[in-house]
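no FASTA, just this:
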DNA sequence: CGGAGTTTGTGAAATCGTTCACACGGGAAG
DNA sequence: CTTCCCGTGTGAACGATTTCACAAACTCCG
């Protein structure tokens, strides 16, 4: 199979969610056009994305909602369950644990770890926070598929290393820092700081060009 | 100024953080090469990104750490303060509020809103949760620059609309759904669901190709 | 001061992702 | 059965981003 770009995969997630909604609405068929509108993209993009994986539609008709949904579900690997370990029982870690949505999509948070002795032993939902030193033991028992790093910046790389050593195949990193992991481990980063700063840039730009435009007597371009 | 790509802006955030670290380490100069290594990218990328905004380095020498840091700070608009309103006092909202890092970078969370009567009046750090109905009044008093959407999926678009109406110029959305906002409002989305699913895809692929490779007696390609 | 060595800044080339545009397949109606 | 219409699937064109590669600028050292 051809190499699939990250943007395509991310859009598949979006399509999947739209299809769930559409299914609830009771529609049986959907065209690439309508699917695209709901995501604010072009219909060609939808068709191209899907075409990397096969032909799921019927010409002149569109896509059968339930069928396409199942196909994407299988493409994304959401038809199986993933064992997730969260490291860091701070704000983000606990927020993740209390969010119930993940289990529904196949992600089972089966363990939480923290370094801080004050947090170890704490009960969070169905789980008890364990010392991060126990990670290797817990994993050798039965490995985790995905490790979530919700620790402070300073611990992130170290935790990543021990997650890798423990055999995870994917890491979701919430620490605002570039992590280095072997190429056989998939890494995704959710960096709120970057998003905030990117907003700050956009706002400064808008303001700047408005001022510049005013100086030159032209209307603002936005 | 030429249009700057989102990836360039995001990398500037990364450079900024690396420069902060490097400054603490006490180095006075840094080359694009060393800066690149720490982010796992190429030195040409670093130089190209910076070149959109000016010439900050000295040939044969590199970049003066403090100076470059200030330049990027100013480019990203981090040399001023932004008034941030958080809507949604659930898991993510409270996690954001308790995270102290944003104030340091110029983002002041000055108000929290929620729809749920059970949460209104709750004290979170220095702030009291207010009813989301009071958003227009609070904003007309003094507008917010940035609105953060940390509500359930179902309320997200509605909240976005009222944030826009209240005059925010940027929105950071944590709800896993495409939001529609006027083009003069900057929108960034942090979608953990997508990142989880993208990991699921990566893990399925790796597994799949390993199996396929095994069937054909070839070593896995990863 | 001059030559060797280093690193920037940037056009040009290469790569990657998106959009266009249309042939093709299939349904519906008469 | 034929015609008309609709919407997919996909090469090809386009556009954006990344990487290459090198001249120019500067430092360092003898």
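That came through fine. These figures come from a predicted structure and were not determined experimentally.

List of residues touching the helix or strand of chain A with the lowest mean pLDDT?
Within chain A, no helix or strand scores below helix A:101-104, which has a mean of 73 by mean pLDDT, DSSP states H and E. Identification of contacts with helix A:101-104 by Cβ atoms under 8 Å, 6 or more residues apart in numbering or on different chains yields A:84, A:96, A:108-109, B:193, B:196. All C-beta spots, glycine's among them, are computed from the backbone N, C-alpha and C.

What are the boundaries of the strands in chain A?
For chain A, the strands defined by DSSP state E cover A:29-30, A:57-58, A:62-64, A:82-87, A:107-114, A:123-124, A:127-131, A:146-149, A:170-173, A:186-189.

buried set for the least confident helix or strand of chain A?
Using 16 or more other Cβ atoms under 10 Å in any protein chain shown as the burial criterion, the residues of helix A:101-104 that qualify are residue A:102.

again, but for stretch A:24-34
Within stretch A:24-34, the residues scored as buried using 16+ other Cβ under 10 Å are A:30-32, A:34.

Now flag whichever of these is closest to chain B.
Ranked by distance to chain B (Cβ to the nearest Cβ), these are led by residue A:34 at 13.6 Å.

ok, the closest one to residue A:68 distance?
Distance, residue A:34 to residue A:68, by Cβ to Cβ, to the nearest Å: 12 Å.

From chain B, how far out is residue A:190?
Residue A:190 sits 6 Å away from chain B, going by Cβ to the nearest Cβ, to the nearest Å.

now do residue A:166
With the distance defined as Cβ to the nearest Cβ, residue A:166 ends up 15 Å from chain B.

if I look at the spatially closest residue to that residue that is not a sequence neighbour, how far off is chain B?
Spatial nearest neighbour of residue A:166, excluding adjacent residues (Cβ to Cβ, 6 or more residues apart in numbering or on different chains): residue A:139 at 3.6 Å. Distance, residue A:139 to chain B, by Cβ to the nearest Cβ: 16 Å.

Same check on residue A:125?
Taken as Cβ to the nearest Cβ, the span from residue A:125 to chain B is 12 Å.

Look at residue A:62 and say how many residues are nearby.
By the measure other Cβ atoms under 10 Å in any protein chain shown, the count of residues near residue A:62 is 18.

Correct me if wrong: it contacts residue A:30.
Yes. With contacts counted by Cβ atoms under 8 Å, residue A:62 reaches residue A:30, the gap being 5.5 Å.

Of the strands of chain A, flag the one that's most buried.
Among the strands of chain A, strand A:146-149 has the highest mean neighbour count (mean count of other Cβ atoms under 10 Å in any protein chain shown), at a mean of 28.

List the pairing partners of that strand within its sheet, with orientation.
If you go by DSSP bridges, strand A:146-149 pairs up with strand A:82-87 (parallel), strand A:170-173 (parallel).

Same list (the ones you listed) but as TSV, adding distance to residue B:127 and mean pLDDT.
Shown next, in TSV, are these (distance: least, Cβ to Cβ, whole Å; pLDDT from 0 to 100):
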stretch	distance to residue B:127	mean pLDDT
strand A:82-87	27	98
strand A:170-173	28	98
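
how about those strands, which one is nearest residue A:116?
Proximity of the strands paired with strand A:146-149 to residue A:116 was assessed by Cβ to Cβ; the nearest stretch is strand A:82-87, lying at 11.6 Å.

hmm, who's touching the closest one?
Contacts of strand A:82-87 (Cβ under 8 Å, 6+ apart): A:93, A:96-97, A:102, A:106-114, A:132, A:135, A:138-139, A:142-151, A:159, A:163, A:168, B:199-200, B:203.

Point out the residues in chain A that sit beside DNA strand C.
Applying Cβ under 7 Å from any atom of the strand, we find that chain A lies next to DNA strand C at A:3, A:5-8, A:41-42, A:44-45, A:47-48, A:58-61.

again, only using 6 Å
Contact residues (Cβ under 6 Å from any atom of the strand) of chain A with DNA strand C: A:5, A:7-8, A:41-42, A:44-45, A:48, A:58-61.

Rebuild the residues you listed as JSON lines, extending it with pLDDT.
Shown next, in JSON lines, are the residues of chain A next to DNA strand C (pLDDT from 0 to 100):
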{"residue": "A:5", "pLDDT": "97"}
{"residue": "A:7", "pLDDT": "97"}
{"residue": "A:8", "pLDDT": "98"}
{"residue": "A:41", "pLDDT": "97"}
{"residue": "A:42", "pLDDT": "97"}
{"residue": "A:44", "pLDDT": "98"}
{"residue": "A:45", "pLDDT": "98"}
{"residue": "A:48", "pLDDT": "98"}
{"residue": "A:58", "pLDDT": "95"}
{"residue": "A:59", "pLDDT": "95"}
{"residue": "A:60", "pLDDT": "94"}
{"residue": "A:61", "pLDDT": "95"}
